[in-house]
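*Asks:* Build me a structure from this.
(one chain, ligands or ions: 1)
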Amino acid sequence: MAHKVTVQPSGHIFEAEPSETLLQAGLRAGLNLRHSCASGSCGECRARLLDGEIAPLSHFDYRFSELEKRQRWFLTCCCHAAGDIRIEAPESGSAAEIPEQQVRARVSRMELLQEQVMQLTVRAPRSGGLQFLAGQGAMLQFEGIRPQTLPIASCPCDSIQLRFHLRRRAGDPFSEFVFERLRKGQELLLQGPYGDFTLDEESTRPLVLIAWETGFAAVSSLIDHAIQKDVNRSIDLYWLSAIPHGHYLSNYCRAWRDVLDDFRYHSIDLEPVGEERMDDVIERVVRVHSLLADHDYYLALPGAALDWARTLLDEADVPDAQIRINLLPHP
Ligand code: FES
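*Replies:* Residues are numbered from 1 along each chain as shown. Reported below is the predicted structural model:
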């Protein structure tokens with residue numbers, strides 16, 4: 001039977017099964033509980049038990065002082081709830097609160113999502129994943145190749161296995177390396193997280209997400225996070241692509257309709273595959289939504305399109321605080 005966990009000082013509440021650690025349960029519920037190694041050695045997930053009982057679920061090396069033990073400090077990554085509990089635990093509320101980290105990892109999976117888009121799954125050791133917020137990115141460094149920062153497509157509830165989408169680009173050494181020479185098992189250094197393309201959790205405004213091609217990775221992480229947190233906001237997702245079969249996870253988008261009450265997915269083919277021009281689409285989207293209501297805008301677009309979107313949003317008097325930007329490499 002699941003137990004109720006109340007977190008102070010935020011007041012957040014989540015349910016934890018006896019078979020999972022409090023950290024796993026909290027992350028699954030979309031909370032940004034502070035942590036690093038997730039294996040009982042670094043102490044980053046320290047929390048204090050205010051009411052109720054917990055029990056250890058796995059071994060840990062981190063040592064508490066006698067005073068800390070009497071004060072009921074424990075590690076959320078190694079303990080589970082033995083009943084309803086109240087704990088005091090730090091949560092990262094904004095991107096600025098998450099420290100930059102460096103993590104050695106390996107490529108564990110390479111999947112062509114369509115001819116020109118590769119999904120890379122990168123696995124960090126169990127002793128230390130990468131903590132991040134939904135919508136952030138990380139820099140991937142392979143030896144001898146100029147590093148590149150990519151949006152993280154997966155959800156922060158898993159800091160060990162991270163997914164990235166990469167578009168093949170002629171003349172880009174990083175993409176040529178990934179598509180032509182990279183093999184499963186290759187080591188790399190992950191550095192980050194970077195960016196503030198994160199959900200404003202205080203806002204209740206409807207969300208307008210505009211993603212161009214692999215910018216979809218960042219918005220998919222945001223939507224998965226919103227689902228986990230049970231965020232009940234209106235969401236319009238516009239996915240723009242100029243390559244054949246460019247909406248490479250359309251089924252995934254359609255599945256969101258089943259779990260989100262107020263979600264619309266707009267799949268838009270740009271020239272030369274379709275007939276639309278990127279600037280015209282952005283203009284239409286901004287004009288329609290700015291007339292209808294006060295929205296939060298998340299733009300994962302290349303530079304010129306971003307400038308155009310910013311001009312239109314300024315003209316529509318949308319405050320800067322309601323606009324998040326993820327700059328993508330130019331086509
Ligand atoms: S001890 Fe490192 S995250 Fe728990």
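
*Asks:* Within range of the ligand, give me the residues from the chain.
*Replies:* 35-38, 40-45, 62, 75, 77 (C-beta under 6 Å from any ligand atom). C-beta here means a position set from N, CA and C on the backbone, and glycine is covered the same way.

*Asks:* any chance of those in TSV, plus neighbour count and secondary structure?
*Replies:* Converted to TSV, the residues of the chain next to the ligand look like this (neighbours: other C-beta atoms under 10 Å; DSSP: H, G, I helix; E, B strand; the rest coil):
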residue	neighbour count	secondary structure
His35	27	coil
Ser36	20	coil
Cys37	22	coil
Ala38	26	coil
Gly40	20	coil
Ser41	16	coil
Cys42	17	coil
Gly43	17	coil
Glu44	20	coil
Cys45	27	coil
Tyr62	17	coil
Leu75	28	strand
Cys77	28	coil
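
*Asks:* any idea where the helices of the stretch 1-150 of the chain begin and end?
*Replies:* Using DSSP state H, counting those that start in this stretch, the helices of the stretch 1-150 of the chain run over 22-28, 66-70.

*Asks:* Check which helices and strands the longest one sits against.
*Replies:* In terms of contacts (3 or more C-beta pairs under 8 Å, 6 or more residues apart in numbering; DSSP states H and E), helix 22-28 is packed against strand 3-8, strand 13-16, strand 79-81.

*Asks:* Against the centre of this protein, work out the most remote residue.
*Replies:* What lies farthest from the middle of the chain is Glu66; by C-alpha atoms, centre = their mean that is 37.8 Å.

*Asks:* got the residue ranges for the strands in the stretch 101-250 of the chain?
*Replies:* Secondary structure of the stretch 101-250 of the chain by DSSP state E, counting those that start in this stretch: the strands cover 101-114, 117-123, 137-141, 148-151, 161-167, 187-194, 207-212, 235-241.

*Asks:* so can I have CSV of the ones you listed showing mean pLDDT and mean neighbour count?
*Replies:* Shown next, in CSV, are these (pLDDT from 0 to 100; neighbours: other C-beta atoms under 10 Å):
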stretch, mean pLDDT, mean neighbour count
strand 101-114, 96, 16
strand 117-123, 97, 20
strand 137-141, 97, 21
strand 148-151, 96, 22
strand 161-167, 96, 22
strand 187-194, 96, 19
strand 207-212, 97, 25
strand 235-241, 97, 23
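
*Asks:* Of these, which is nearest Glu276?
*Replies:* Nearest to Glu276 among these is strand 235-241 (8.0 Å), distances taken as C-beta to C-beta.

*Asks:* relative orientation of that closest one and strand 101-114 in degrees?
*Replies:* Angle, strand 235-241 to strand 101-114, by axes from the mean of the first three to the mean of the last three C-alpha atoms, to 10 degrees: 70 degrees.

*Asks:* mind listing what strand 235-241 pairs with, with the direction of each?
*Replies:* Strand pairing for strand 235-241, determined by DSSP bridges: strand 207-212 (parallel), strand 263-269 (parallel).

*Asks:* on that earlier part again, so which of the helices and strands packed on helix 22-28 is nearest Val286?
*Replies:* strand 13-16 (36.2 Å).

*Asks:* What is the closest one packed up against?
*Replies:* Packing partners of strand 13-16 (3+ C-beta pairs under 8 Å, 6+ apart): strand 3-8, helix 22-28.

*Asks:* Let's see that with 10 Å instead.
*Replies:* For strand 13-16, the elements it packs on are strand 3-8, helix 22-28, strand 79-81, judged by 3 or more C-beta pairs under 10 Å, 6 or more residues apart in numbering; DSSP states H and E.

*Asks:* What are the contacting residues of that strand?
*Replies:* For strand 13-16, the external contacting residues (C-beta atoms under 10 Å, 6 or more residues apart in numbering) are 1-7, 22-31, 33, 54, 76, 79-81, 84-86, 228-229.

*Asks:* most packed of the helices and strands packed on helix 22-28?
*Replies:* Most buried of the helices and strands packed on helix 22-28, by mean neighbour count (mean count of other C-beta atoms under 10 Å): strand 79-81, with a mean of 24.

*Asks:* what's in contact with that strand?
*Replies:* Contacts of strand 79-81 (C-beta under 10 Å, 6+ apart): 2-5, 15-25, 40, 45, 47, 49, 52-58, 60, 85, 87.

*Asks:* Domain parsing of this protein, as residue ranges.
*Replies:* 3-88, 95-194, 207-328 (automatic domain parsing).

*Asks:* would CSV of those domains with distance to Glu201 be doable?
*Replies:* Formatted as CSV, the domains of the chain follow (distance: least, C-beta to C-beta, whole Å):
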stretch, distance to Glu201
domain 3-88, 9
domain 95-194, 10
domain 207-328, 8
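
*Asks:* hmm, back to that, need the buried ones from the contacts of strand 79-81 selected in PyMOL.
*Replies:* A single PyMOL command selects the buried members of these (16 or more other C-beta atoms under 10 Å):
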select buried, resi 3+5+16+20+21+22+23+24+25+40+45+47+49+52+54+57+60+85+87
